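Enquirer: heads up, no residue letters with this:
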Ligand SMILES: Nc1nc(=O)c2c([nH]1)NC[C@@H]1CN(c3ccc(C(=O)N[C@@H](CCC(=O)O)C(=O)O)cc3)CN21
Ligand SMILES: CC(C)C(=O)C(=O)O
Ligand SMILES: [Mg+2]
């Protein structure tokens, strides 16, 4: 037995209890071992291995190009760092939309090859059958409604979603269907705060918002955005906790200067 204090791992039951108790859920994205280790240490409840890796790790314009193999590489790296947080991995575009059997085999690959604790897929009514099939295999599923980046070309913009009554009604209905299908939580992305309030009150599972306002049961941000590594991404919903771009830029410039000036390494930094 370990001599270290055992940490209580976050489970879907604990996340459910947090909603009931009114304790807000914290979620951040991570894509690698070193960052996941810091977030787990900090006590973040959920770590999302987002397909935003396609943007922030690989430099693609959208989330569409990232593959299941690449997501598995990121998720397995994150899981190796975790002691307490609940790890959710996005299934990427093209790995689940075909049919529920394909969705199940992608979810099983993700769970088997990474050790993640659950998966997230985007969509409502159209993915309900897949959600049910994945959950019946024992895999916790997180839903994702509102701005769903994998269908960006269907909408054409990253503008706020569900501002019209019909779209808002559809979103509430989708949330109810995902709950009924067995999802343990739902991400709500870039929708009006008052619609988030309605959804959060209409369902008993936690809602986790990004650009969805204060009434969500939890919040998620992409790590590069909240740490200020992403210089040009500043939507109104984003709060920056550091300006790492500038700090890393200055540190790199200092290193370059020290090398050029023969300042590094000094006598103590060599053998
Ligand atoms: N770095 C990063 N952060 C994210 O939050 C994120 C990703 N990447 N990649 C996948 C999706 C895409 N997401 C997005 C993308 C754009 C906006 C956004 O508000 N964009 C514009 C407004 C565009 C418009 O109104 O038409 C902005 O203000 O920057 C929000 C979330 C969220 N996800
Ligand atoms: C923005 C969050 C919710 C996400 O899906 C991602 O990072 O891929
Ligand atoms: Mg995503």
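Expert: Arrived safely. Being a predicted model, the structure only gives us computed values, none of them experimental. Ligands and ions are numbered 1, 2, ... in the order given.
Enquirer: show me what counts as buried in stretch 51-68.
Expert: By 16 or more other C-beta atoms under 10 Å, the buried positions in stretch 51-68 come out as 51-57, 63-64, 66, 68. (Each C-beta comes from the backbone N, C-alpha and C, glycine too.)
Enquirer: and ligand 3, which of those reach it?
Expert: When contact is defined as C-beta under 5 Å from the ion, those meet ligand 3 at residue 51.
Enquirer: which among the buried residues of stretch 51-68 are in contact with ligand 2?
Expert: The subset of those lying close to ligand 2, counting by C-beta under 6 Å from any ligand atom, consists of 51-52.
Enquirer: now, which of the buried residues of stretch 51-68 sits nearest ligand 3?
Expert: Distances from ligand 3 to these, taken as C-beta to the ion, are shortest for residue 51 (4.3 Å).
Enquirer: now, the most widely separated pair of the buried residues of stretch 51-68?
Expert: Pairwise distances across the buried residues of stretch 51-68 (C-beta to C-beta) peak at 18.2 Å, for the pair 56 and 68.
Enquirer: any chance of the buried residues of stretch 51-68 in JSON lines, with secondary structure and pLDDT too?
Expert: Output for the buried residues of stretch 51-68, formatted as JSON lines (DSSP: H, G, I helix; E, B strand; the rest coil; pLDDT from 0 to 100):
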{"residue": "51", "secondary structure": "coil", "pLDDT": "99"}
{"residue": "52", "secondary structure": "coil", "pLDDT": "98"}
{"residue": "53", "secondary structure": "helix", "pLDDT": "98"}
{"residue": "54", "secondary structure": "helix", "pLDDT": "98"}
{"residue": "55", "secondary structure": "helix", "pLDDT": "98"}
{"residue": "56", "secondary structure": "helix", "pLDDT": "98"}
{"residue": "57", "secondary structure": "coil", "pLDDT": "98"}
{"residue": "63", "secondary structure": "coil", "pLDDT": "98"}
{"residue": "64", "secondary structure": "coil", "pLDDT": "98"}
{"residue": "66", "secondary structure": "coil", "pLDDT": "99"}
{"residue": "68", "secondary structure": "helix", "pLDDT": "99"}
